[in-house]
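S.K.: any chance you can model this:
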Amino acid sequence: MEILDCYTDGASRGNPGLSAFAFLVVDSSGKILIQRGEFLGLSTNNAAEYRAVIAAMEASSTVTEGTIRIHSDSELVIRQLRGEYRIRKEHLRDLWERVRGLETRFSRVEYIPVPRENSWIRIADGICNRILDENAV
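M.R.: Below you'll find the model as predicted:
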């Protein structure tokens, strides 16, 4: 079964502030299978990062039950999902629990930190910024 790569990004203008997330689901040939973004309204940056992971996992579950790799430039989110950092904020615990529940849809889920300069993350970041620009007050 093919491994799918999910590239996720969340953005907040202010923290908390107006927020958005975006993700890409990419197959092994580099083809984008799914690309989405969403305006969240008022949220923190870390919550937006988690919402991106949740949306990517929900979308990925419509095309595979195999292995997915979640790539994010959010060190906090990746390390919390790997069990390396404790979750101190209750609103993040709820989102973390949603991710854990979604993991059961797949045979394997890996969480991979990537730099902000990653070309796929830059695409997701661009989608977030476009959404935030379109929803600026």
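
S.K.: when you work out contacts or count neighbours from here on, use the C-alpha atoms and nothing else.
M.R.: OK.

S.K.: list the contacts for residue 131?
M.R.: 20, 37, 38, 39 (CA atoms under 8 Å, 6 or more residues apart in numbering).

S.K.: where's the second one relative to residue 50, distance?
M.R.: If I follow you right, that is residue 37. In this view, residue 37 and residue 50 are 13 Å apart by CA to CA, to the nearest Å.

S.K.: pLDDT, secondary structure and neighbour count added to the contacts of residue 131, as CSV?
M.R.: CSV is the format used below for these (pLDDT from 0 to 100; DSSP: H, G, I helix; E, B strand; the rest coil; neighbours: other CA atoms under 10 Å):
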residue, pLDDT, secondary structure, neighbour count
20, 98, strand, 32
37, 98, strand, 24
38, 98, strand, 19
39, 98, strand, 18
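
S.K.: now tabulate these in JSON lines and tack on distance to residue 116.
M.R.: Formatted as JSON lines, the contacts of residue 131 follow (distance: CA to CA, whole Å):
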{"residue": "20", "distance to residue 116": "16"}
{"residue": "37", "distance to residue 116": "17"}
{"residue": "38", "distance to residue 116": "20"}
{"residue": "39", "distance to residue 116": "20"}
